[in-house]
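A.B. asks: What follows is a predicted structure for the sequence shown.
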Amino acid sequence: MSCPGMMADSGPVILKRGLGPLQAARVGPWDERVQFTDAHSIQTISYCPTAEQVGSLCERGRAAVLGQMYIMKQSVLVKGESGPTPSVKVLSKSVFFENGGLKAIDLRGGGPFAFIRDHNKFPFESNSMGLIGVLRTFHDDVYGALRINLFQGRMSEFARRTLMGPMITRDENRVREMLFDFLRFRDRNVVALLADMVKHMNEKGGPQMSRDQRAVRDMFSYCAQSPVFSNTGLGVVSFCPSWAMDKDNKATDTPCFSVASPHFQTRFYVRDGTRLKLFLAGQVKSFAAVDAMFIGYQNVIFDLTKAMQIAGYDKAFINLDALKMRMGEGSF
C-alpha cells in the first residue's frame, strides 16, 4: 500500500554534471557512485514536510487519539496488508516494551528513548533498514501521554493565543523537543549503534550471507572500529512514518505506519564517498578491495530501495534530519 500525495522534497537535490542521483549512481568512480546511490535511495523513500504539512500532520495526530471534550478514542487506523486497519492500541505507553517487550540495545543516556533491532529481518535486506529508535516511556510533562508518532498537537501561532494556549504550546514544544532530543540521543551513541548492527548481521546472517551482504558487513565493521565516526565518511539518518498527504498538503486518514507508537527507522548511509574510500583503504591497504565492497554495497542498496517501494514506502517516510535542518531554532 502506497502513501499518495507526498511530493515535498527530501532535502537538497544532488546533481552531478546535469545528472540526478540515480543516473550519477551508474557512472564515475565507485566512491562517487555509492554516495549518489544512497542519495537516490533516501530521496525515493522519504520527504521533508513544509511548515504547512507539519501543522496538518499534528492536527491529524491530535484528532486520532482525542474525540470531543478531549476523551481518548478507542482505536486508531494503522497500515494493514489490505488497507487501513483499526488498532485498539491507542497508546499511553510504549507497545515495544509492554509485557516484557523487546530487548533494547545497551546505550548510554537513553532516558525516554531506546533503540531496538528489527528482530525478524536481516539489516539492509527486504524492507528493513536495520535499527529502530523508539519512545520507551510516556510522560505527561515531557512529550504527552497520548502519542501515535512524532507529529501531534497544534502548530499555528493563532492557536497559541487561544484560551487553550498553555496546553497547545506544550503540544507544539513536544514536537520539537522529541525530534531534537531523539536525534541527540542517536548521535551520542552512533558508533555503538553501528557496532550493534554489525553484530546483528553476523548473528542473523552467519555463513548464509551473500557476497554482497558480506561486503556491507565488512564495510560497516571497519567503520565501527573508528573512535571518530565523522572520519569514516558514513552518515546516519532517521525517518518517521505518519499520515499520507493529499494534493492540497492536508493530512489524510491513510496511515503510513503499522505500529501506533512513536518509532524512528534509522539507517547508516554513505555521506562522503571519497572520505569513506580513503578510510577503508587505510584499513585494508587496497583500493581495489574497497571498490569491491562498494559494488556489493550498491547492489544491496538498490535491492533495499526496490523492496521499500514494493512495500508501499515511496515518499512515505519523513526525513527527520532534513526536518531538523528546515525547522532550525525558533521556527514554526
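C.D. replies: Cool, got the structure. Being a predicted model, the structure only gives us computed values, none of them experimental.
A.B. asks: list the contacts for Asp118?
C.D. replies: Residues counted as contacts of Asp118 (Cβ atoms under 8 Å, 6 or more residues apart in numbering) are 128-132. Any C-beta I mention is one placed from the backbone N, CA and C, and that applies to glycine too.
A.B. asks: please redo it, this time with the cut-off set to 6 Å
C.D. replies: Neighbouring residues of Asp118 by Cβ atoms under 6 Å, 6 or more residues apart in numbering: 128, 132.
A.B. asks: now swap in Lys73 and tell me
C.D. replies: By Cβ under 6 Å, 6+ apart, Lys73 lies in contact with 65, 67.
A.B. asks: for the closest residue to Arg60 other than its chain neighbours, what are its contacts?
C.D. replies: Closest residue to Arg60 apart from its sequence neighbours, by Cβ to Cβ, 6 or more residues apart in numbering: Ala251 at 3.7 Å. Counting by Cβ under 6 Å, 6+ apart, Ala251 touches 56-57, 60, 243.
A.B. asks: now do Thr254
C.D. replies: For Thr254, the contact set (Cβ under 6 Å, 6+ apart) comprises Ala244.
A.B. asks: Next, give phi and psi for it.
C.D. replies: Torsion angles at Thr254 (phi, psi; degrees, to the nearest 10) stand at phi -90, psi 110.
A.B. asks: Surely Ala104 forms part of a strand?
C.D. replies: No - Ala104: not assigned to a strand; according to DSSP: H, G, I helix; E, B strand; the rest coil it is coil.
A.B. asks: Show the model's pLDDT score for it.
C.D. replies: What the model reports for Ala104 is a pLDDT of 90.
A.B. asks: And Val216, how close does it get to Ala104?
C.D. replies: 24 Å (Cβ to Cβ, to the nearest Å).
A.B. asks: neighbour-wise, which of those two wins?
C.D. replies: Counted by other Cβ atoms under 10 Å, Val216 and Ala104 do not tie: Val216 has more neighbours, with 27 against 16.
A.B. asks: pretty sure the more buried one is touching Ile301, no?
C.D. replies: No - Val216 is not in contact with Ile301 according to Cβ atoms under 6 Å; the separation is 8.6 Å.
A.B. asks: so which strand or helix has Lys277?
C.D. replies: Lys277 belongs to helix 273-284 when elements are defined using DSSP states H and E.
A.B. asks: so how far is the helix or strand that that helix is followed by off the chain centroid?
C.D. replies: For helix 273-284, the succeeding helix or strand toward the C-terminus, using DSSP H and E, is helix 287-310. Distance, stretch centre to chain centre, for helix 287-310: 19 Å (Cα atoms, centre = their mean, to the nearest Å).
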